[in-house]
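Participant: predicted model follows, preceded by the sequence.
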Amino acid sequence: MDKGIHIPIFKSWAPEWLIKAVLFLLILPGIVIFFLPMANINAAAGYYGSEPADIQFAVALFYAGYVGFYSLERRFFAYLAAKEYYVIFTFLQVVTCIICYLTNDLYIFLPVRFIQGMLFACTVNLSLSLMFTRLVSERAREVSFSVFFGFLLCAVPFNNFVTADMIDAFDFNIVYKAVAFTYVPGLLLLLLMMNSVRLKVKFPLYNLDWQSFALYSTALCLFAYIMIFGQEYYWLEDVRIRNSVIGIAVLLLIYIIRQYKMRRPYLDVGIFKFRNFRVGLLVLFIMYICRFASGITNTFYTSVLKFDPMHLSYINLLNIAGLVFGVIAACWLIIKKHHIRTLWVPGFVLLLIFHVWMFFLFDIQADEFNYFLPLFIQGAGVGFIMVPTIVYTISAVPVAWGASASAVCLAIRFLGFCVSIALINYFELFGKSRHYNAFQDHLTKIDPVVKQSLRMQAHHLEAKGMAAGKAMRASDKLLVNSVNTQGHLRFAMDYYEVMSCLIIVTLLLILLFPYLNRTAVYLRSRRLSPA
């Protein structure tokens, strides 16, 4: 039995179920604010007087703070007692939420989002470390790991569901006020239940590798900037994008040289020599690109089918149900020590079914019930892949390198998130204009079919009481709106077609790697670091 179990971290009167509930209660608000700006991206953009890309960048900055600070945070974890550490970073998280509530200045909001990501790294590392010290059986550890990542996967649809009515009734910033209050119950319970003890021997905070943190985090932020704004600024034609690319190259060169010369590197590059680790990273990267394709589906619901945000949030409950089902099924297979192929193949097959099915469901009119099962299937596919892939990747390296493996997994998920935004922006800005121009080439007022359609639409409007002149102008606008709608549908179909091809190639690679038949997935360490 691990010695950490005998550390009196919590008071003797606190039952185990309450301790575990409080630990997850402390993680939950951080998971909520992770993707909170994307709960209603148009409302957020309107509140801050920005464009949707700025809101996407706000989420990426949170992610970059989480990824960049992950490795450095472990020094603070060893320096401070667990209770006082919890109090400090939870208090700071509440302060950042209050700042987000009080300001509508984007240049204040964006840096605060990065700080929130750093504080989220503190929350996740300490909460899961405490959780793992209380879990004796391997089954319990795998269940806890699955629950955490299940919460993380459900963050976007869950945020949509709990904030839709609130954002509809108040300004967008009210959600940060609500989140600030949700930290209070967990913090009060923690103060009552927890003893002032340390999980590790106290190490002084000298020789903090803040230089590596600064280099690494700046490169991550620049990468997110390029991916999110690159298409809008025409990539390397814009001086801002060129300077960002040069900045990343210089920063990474300095960072890599620094890591090779350090006795204790920020990230140990030796983990990349393990084949299973590299394969796991590739699968995780592809899964994250495919995962966020669901954002196009949500845009289709709101812009084409005209679903309001509240209606959309209710429909996405089916996606949450699929995620829960997929995570539970994957957890059961991990406990049974099934081969990784038996987890990856069903997951990617479900994602392929979703993308192909949606390809044929994109239309200007549709019954919402047609989309219930595809949303469930998409959630199940992501849930099937996420947890096993992370556990498989981290387990591919020796236990001593688990922290570096977790940090790299986290970075790959960040890169997948940013690349998915870049791909969607490319297909949307370039693909929609291409289809719009193609429609324009075939639609002219001298075309008999177009003339007949405009005349019928004008007569219909006149029958509703509109003046003849206004009816003709309105029919022209309706034709333009119809062309724009068709352009959006064609862009969505193009993107889902590309994602389907990517998934097919991935499935073929998984099936063609014979050694995957001999590779089971399991947790080898009781102190496995959360990715």
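Facilitator: Ah, there it is.
Participant: and residue 256, how many neighbours?
Facilitator: By other Cβ atoms under 10 Å, the residues close to residue 256 number 13. C-beta coordinates here come from the backbone N, C-alpha and C atoms, glycine included.
Participant: in the stretch 51-200 of the chain, where is pLDDT below threshold?
Facilitator: 77-79, 132-142, 144-145, 197-200 (pLDDT under 70).
Participant: residue 46: which element?
Facilitator: helix 41-48 (DSSP states H and E).
Participant: what about the helix or strand following that helix, distance to the chain center?
Facilitator: Following helix 41-48 in sequence order, the next helix or strand is helix 52-79 (DSSP H and E). How far helix 52-79 lies from its chain's middle: 13 Å, per Cα atoms, centre = their mean, to the nearest Å.
Participant: which elements pack onto helix 52-79?
Facilitator: helix 16-34, helix 41-48, helix 106-133, helix 210-229, helix 402-426 (3 or more Cβ pairs under 8 Å, 6 or more residues apart in numbering; DSSP states H and E).
Participant: now those in JSON lines, with mean neighbour count and distance to residue 181?
Facilitator: Converted to JSON lines, the helices and strands packed on helix 52-79 look like this (neighbours: other Cβ atoms under 10 Å; distance: least, Cβ to Cβ, whole Å):
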{"stretch": "helix 16-34", "mean neighbour count": "19", "distance to residue 181": "9"}
{"stretch": "helix 41-48", "mean neighbour count": "19", "distance to residue 181": "20"}
{"stretch": "helix 106-133", "mean neighbour count": "21", "distance to residue 181": "16"}
{"stretch": "helix 210-229", "mean neighbour count": "20", "distance to residue 181": "30"}
{"stretch": "helix 402-426", "mean neighbour count": "21", "distance to residue 181": "28"}
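Participant: residue 246 is nearest to which of those?
Facilitator: With Cβ to Cβ, the closest approach to residue 246 among these belongs to helix 210-229: 9.5 Å.
Participant: for the helix or strand that that closest one is followed by, give the mean pLDDT please.
Facilitator: Following helix 210-229 in sequence order, the next helix or strand is helix 239-261 (DSSP H and E). The pLDDT scores in helix 239-261 average 91.
Participant: read off the pLDDT value for the closest residue to residue 429 other than its chain neighbours.
Facilitator: Leaving aside its sequence neighbours, residue 429 sits nearest to residue 231 (Cβ to Cβ, 6 or more residues apart in numbering; 5.1 Å). On pLDDT, residue 231 comes in at 86.
Participant: burial of residue 231, as a residue count?
Facilitator: 21.
Participant: from residue 237, how far off is it?
Facilitator: 11 Å (Cβ to Cβ, to the nearest Å).
Participant: who touches both of the two?
Facilitator: Common contact partners of residue 231 and residue 237 (Cβ atoms under 8 Å, 6 or more residues apart in numbering): none.
Participant: rewinding a little: which of the helices and strands packed on helix 52-79 sits closest to residue 355?
Facilitator: Of these, the one closest to residue 355 (Cβ to Cβ) turns out to be helix 402-426, at 13.4 Å.
Participant: and the angle for the closest one with helix 52-79?
Facilitator: 180 degrees (axes from the mean of the first three to the mean of the last three Cα atoms, to 10 degrees).
Participant: who does helix 402-426 touch, helix- and strand-wise?
Facilitator: Helices and strands touching helix 402-426, by 3+ Cβ pairs under 8 Å, 6+ apart, are helix 52-79, helix 210-229, helix 275-291, helix 372-395, helix 468-512.
Participant: format these as a markdown table; extra columns: distance to residue 420.
Facilitator: Shown next, in a markdown table, are the helices and strands packed on helix 402-426 (distance: least, Cβ to Cβ, whole Å):
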| stretch | distance to residue 420 |
| --- | --- |
| helix 52-79 | 10 |
| helix 210-229 | 9 |
| helix 275-291 | 5 |
| helix 372-395 | 13 |
| helix 468-512 | 10 |
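Participant: comparing those, which yields the minimum mean pLDDT?
Facilitator: helix 468-512 - the lowest mean pLDDT of the helices and strands packed on helix 402-426, at a mean of 79.
Participant: rounded mean pLDDT for the helix holding residue 46, please.
Facilitator: Taken as a whole, helix 41-48 carries a mean pLDDT of 87.
Participant: which residues sit against it?
Facilitator: By Cβ under 8 Å, 6+ apart, helix 41-48 touches 37-38, 51-52, 54-56, 58, 104-106, 109, 167, 171-173, 309.
Participant: what separation do you get for the residue sitting nearest the centre point of the chain and residue 424?
Facilitator: Centrality entry for the chain: nearest residue to the mean C-alpha point is residue 417, 6.2 Å, by Cα atoms, centre = their mean. Distance of residue 417 to residue 424, computed by Cβ to Cβ: 11 Å.
Participant: between the two, what contacts are shared?
Facilitator: Common neighbours of residue 417 and residue 424 (Cβ under 8 Å, 6+ apart) are residue 292.
Participant: tell me the spacing between residue 408 and residue 68.
Facilitator: For residue 408, the distance to residue 68 (Cβ to Cβ) stands at 13 Å.
Participant: how about stretch 184-191: buried residues?
Facilitator: 186-187, 189-190 (16 or more other Cβ atoms under 10 Å).
Participant: got it, and stretch 501-515?
Facilitator: Buried, per 16+ other Cβ under 10 Å, within stretch 501-515: 502-503, 506-507, 510.
Participant: how many neighbours does residue 358 have?
Facilitator: As a burial measure, residue 358 scores 24 neighbours (other Cβ under 10 Å).
Participant: give me the three-state assignment for it.
Facilitator: At residue 358 the chain is in helix, as set by DSSP: H, G, I helix; E, B strand; the rest coil.
Participant: hang on, it packs against residue 374?
Facilitator: Yes: using Cβ atoms under 8 Å, residue 358 is in contact with residue 374, at 5.7 Å.
Participant: which neighbours do these two share?
Facilitator: Common neighbours of residue 358 and residue 374 (Cβ under 8 Å, 6+ apart) do not exist.
Participant: before we move on, back to that, from the buried residues of stretch 184-191, which land in helices?
Facilitator: 186-187, 189-190 (DSSP state H).
Participant: how about the contacts made by the nearest residue to residue 354 once chain neighbours are set aside?
Facilitator: Distances taken as Cβ to Cβ, 6+ apart place residue 378 nearest to residue 354, at 4.1 Å, with adjacent residues excluded. Going by Cβ under 8 Å, 6+ apart, residue 378 touches 294, 319, 322, 350-351, 354.
Participant: cutoff 7 Å now
Facilitator: Shown in contact with residue 378 (Cβ atoms under 7 Å, 6 or more residues apart in numbering): 294, 319, 322, 351, 354.
Participant: returning to what we had before: buried only: go through the contacts of helix 41-48 for me.
Facilitator: 37-38, 52, 54-56, 58, 106, 109, 167, 172-173, 309.
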